[in-house]
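Novice: This is a predicted model, with the sequence first.
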Amino acid sequence: REVDVDAIIASIRTTLPCFGLSCEDIGIHSSESEEDCVNPSAVKSIAGYMPNSDVREFAKLDLDIHELDILLQMDAVEAAEDLYSFGKHTSMGANGDGTALSLEYLSSTAGRSVVPQFDSFRRYFANDEKYADTMVQEALLLEDGMRDSQRRAVVISASQFVIIYMSALQAMHDATSSCSDKSRRESAAAESWDQAAALLIGSLEGSEAAGSNEGRLLWSLGKKFCKEFGTCSTETPGSAKINDKIERLLYAGRGAVLSGSCDELRKVSSEIEPFLKVPLLQASLSSCVQLAQRGRSDKDFLQAEAYV
């Protein structure tokens, strides 16, 4: 059987940025010329959205959630606690060489106050400013007599759709705040907007327009329930109509930032926020139907509560 060696070599080289490496670090094989090794572009499409900034680090937060799920399935609770508290796959430093960005940090950072809806969330959760962190920490400690399956449902769903959801809103509002500062517009504002896209989509979706079947964030949730609600995309096979709408607005916001149209950016931000609730509401309704049809399942009930 013939083996396409050139394709294998090219595939290996596309992974170099994942390890923080370049062609210069690896070197050129004696049988090749320098033209054979070309460093991949730092900016890559995220499920069809092409960011203006390099936000690959932020997109990898879904890898923390994916690993967290694996650890909880293995009953490796202490390791799961460490991963949640200290992070692993995403760095806060430039070029991915700083302190790891953790889900716990995102769940409790004071920066969330820039989101107008944050105060409503805080009041709903009995004035607990760290409501998402409280949900996760109590589940990890198995408070209230939770079983392992219930703990996993709460930790993963809260990480996916409570912590990351608010973090994406925070990034969008950071973008609108930075846009008014002309000295920071094309750097801070553009990067914050693209970070919001990365938090909504995630690295596991890949670069293809519809994404993949491996996603863990809001983008994946839209695809998961579109058949059930008759809202699958007719434009992008394998995707959802709501994702098409969100993607168009992400591009509109990117254009507004790069053109310095701050009023337009605020308008786009206000338009996109209701759409982000669509997958969460579909998931909540679906869970309610399942609970009614099958009888109350504690795991399903807890997942439905996280969606709401």
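Specialist: It's in.

Novice: same question for whichever helix in the chain runs longest, mean pLDDT?
Specialist: Scanning the chain for the longest helix, with DSSP state H as the assignment, gives helix 262-294. Per-residue pLDDT values over helix 262-294 give a mean of 90.

Novice: So for that helix, what gets flagged as buried?
Specialist: Buried residues in helix 262-294, counted by 16 or more other Cβ atoms under 10 Å: 262, 264-269, 272-273, 275-276, 278-280, 282-284, 286-287, 290. C-beta coordinates here come from the backbone N, C-alpha and C atoms, glycine included.

Novice: for stretch 70-88, same thing?
Specialist: For stretch 70-88, burial by neighbour count (16+ other Cβ under 10 Å) applies to 71, 72, 77, 80, 81, 83, 84, 87, 88.

Novice: Looking at these, which one is closest to residue 118?
Specialist: residue 84 (20.8 Å; Cβ to Cβ).

Novice: Please identify the helix or strand for that closest one.
Specialist: helix 77-86 (DSSP states H and E).

Novice: Quick one: mean pLDDT over that helix.
Specialist: 95.

Novice: From the contact counts, what lies against it?
Specialist: Other helices and strands packing on helix 77-86, by 3 or more Cβ pairs under 8 Å, 6 or more residues apart in numbering; DSSP states H and E, are helix 61-73, helix 103-108, helix 131-140, helix 148-158.

Novice: what does the helix or strand just after the last one contact?
Specialist: Right, the one you point to is helix 148-158. The C-terminal neighbour of helix 148-158 among helices and strands, as given by DSSP H and E, is helix 164-179. Under the criterion Cβ atoms under 8 Å, 6 or more residues apart in numbering, residues 61, 65, 106, 109, 111-112, 114-118, 121, 132, 184-185, 188-190, 192-193, 195-196, 199-200, 217-218, 253, 256-257, 260, 262, 265-266, 269, 272-273, 276, 280 lie in contact with helix 164-179.

Novice: neighbours of residue 6, just the number please.
Specialist: 9 (other Cβ atoms under 10 Å).

Novice: Repeat that for the one 10 residues further on.
Specialist: Burial measure for residue 16: 17 neighbouring residues, criterion other Cβ under 10 Å.

Novice: Check the nearest residue to it once chain neighbours are set aside and give its pLDDT.
Specialist: Leaving aside its chain neighbours, residue 16 sits nearest to residue 22 (6.1 Å; criterion: Cβ to Cβ, 6 or more residues apart in numbering). Looking at residue 22, its pLDDT stands at 75.

Novice: give me the element the residue nearest the centre of the chain is part of.
Specialist: Geometric centre of the chain, nearest residue: residue 199, 2.9 Å, by Cα atoms, centre = their mean. Element membership for residue 199, per DSSP H and E: helix 190-201.

Novice: Columns distance to residue 228 and mean pLDDT on top of the helices and strands packed on helix 77-86, output as CSV?
Specialist: Shown next, in CSV, are these (distance: least, Cβ to Cβ, whole Å; pLDDT from 0 to 100):
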stretch, distance to residue 228, mean pLDDT
helix 61-73, 22, 95
helix 103-108, 28, 96
helix 131-140, 26, 93
helix 148-158, 18, 90
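
Novice: For residue 206, find the nearest of the ones you listed.
Specialist: helix 61-73 (11.4 Å).

Novice: Run through who's touching the closest one.
Specialist: 77, 79-80, 83-84, 87-90, 101-103, 106, 148, 151-152, 155-156, 159-160, 164, 198-199, 202-204, 215-217.

Novice: Try it again at 7 Å.
Specialist: Applying Cβ atoms under 7 Å, 6 or more residues apart in numbering, the contact partners of helix 61-73 are 79-80, 83-84, 87-90, 103, 151-152, 155-156, 159-160, 164, 199, 202-204, 216-217.

Novice: next one: that helix to chain centre, how far?
Specialist: In terms of Cα atoms, centre = their mean, to the nearest Å, the centre of helix 61-73 is found 13 Å from the chain centre.

Novice: Please could you give me each C-alpha atom of it, formatted as CSV?
Specialist: Only the C-alpha atoms of helix 61-73 are listed here, as CSV (Å, rounded to 0.1, in the frame of the first residue of the first chain):
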residue,chain,number,x,y,z
LEU,A,61,-10.5,26.7,27.1
ASP,A,62,-12.8,24.0,25.8
LEU,A,63,-9.8,21.6,26.2
ASP,A,64,-9.9,22.3,29.9
ILE,A,65,-13.6,21.4,30.0
HIS,A,66,-13.0,18.3,27.9
GLU,A,67,-10.2,17.1,30.2
LEU,A,68,-12.3,18.0,33.3
ASP,A,69,-15.1,15.7,32.0
ILE,A,70,-12.6,12.8,31.5
LEU,A,71,-11.2,13.2,35.0
LEU,A,72,-14.6,13.2,36.6
GLN,A,73,-15.6,10.1,34.7
